[in-house]
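Trainee: Please find the sequence and the predicted model below.
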Amino acid sequence: MKRRLLLLLPLAGFLVLSVFLYQGLSLNPFHRDSALMARDFPEFDLATLEDAERRVDRSLLTTGEVTLVNVWGEWCPECKREMPQLLDLAERGVRLVGISYKDTREKGLGFLEEFGDPFEINIFDPDGELAFELGVYGAPETFLVDADGVIRYHHTGYIAPGEVREKILPEVEKWR
């Protein structure tokens with residue numbers, strides 16, 4: 001009797017593990033909340049992409065205006081697909097700040113020249129320090145920062161055309 005129980009124990013463990021793994025298949029890794037939600041945007045002091053001598057810090061995001069902060073890279077194919085949506089948001093009067101993530105200055109500027117520049121300013125983050133503080137694990141990622149510099153919304157991955165109207169603009173209006 002004991003022997004039968006000992007033989008069933010690995011089978012029961014396997015079945016329990018299989019159930020957990022099966023449930024994990026239904027999860028979407030792109031839909032996760034930021035650990036910084038409802039917290040101040042992290043402190044930083046970095047140069048701009050356009051001017052290596054010009055430094056910017058967190059005060060850039062405490063201007064009394066809602067801002068979308070978009071983490072992008074020249075090397076990122078989804079960032080290229082997303083650019084028309086960001087240009088559309090800028091045309092609609094949404095303030096955008098870019099973070100050029102793990103790029104060289106030349107490649108980042110070339111990307112903006114080729115695909116357009118919807119950003120009021122681009123923070124140059126070649127080592128990914130600021131992105132690390134934001135919990136970014138890839139590009140593109142977009143953060144909505146309220147007028148006081150608090151992160152209110154986090155969009156992981158590419159912003160599809162329909163998501164501008166369905167997700168992004170409602171969030172912007174909600175925090176204006």
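Mentor: Everything's here; your move.
Trainee: If you drop the residues flanking it in sequence, what lies closest to the residue minimising distance to the centre of the chain?
Mentor: With distances taken as C-alpha atoms, centre = their mean, residue 141 lies nearest the centre of the chain, 1.9 Å away. Take residue 141 and drop its neighbours on the chain: the residue closest to it by C-beta to C-beta, 6 or more residues apart in numbering is residue 71, 4.6 Å away. Using the backbone N, CA and C atoms, a C-beta is placed for each residue, glycine as well.
Trainee: just to revisit the earlier point, which residues does the residue nearest to the centre of the chain bridge with?
Mentor: For residue 141, the beta-bridge partners under DSSP bridges are residue 71, residue 156.
Trainee: Residue 170 falls within a helix, correct?
Mentor: Yes - the assignment for residue 170 by DSSP: H, G, I helix; E, B strand; the rest coil puts it in a helix.
Trainee: For it, the count of nearby residues, please.
Mentor: Number of residues near residue 170 (other C-beta atoms under 10 Å) recorded here: 11.
Trainee: Could you report the separation of it from residue 119?
Mentor: According to C-beta to C-beta, to the nearest Å, residue 170 stands 22 Å off from residue 119.
Trainee: Likewise for residue 96?
Mentor: From residue 96 across to residue 119, the span is 5 Å (C-beta to C-beta).
Trainee: In which helix or strand does the closest residue to residue 78 other than its chain neighbours reside?
Mentor: The shortest distance from residue 78 to any non-neighbouring residue, by C-beta to C-beta, 6+ apart, is to residue 158 (4.2 Å). Using DSSP states H and E, residue 158 falls within no helix or strand.
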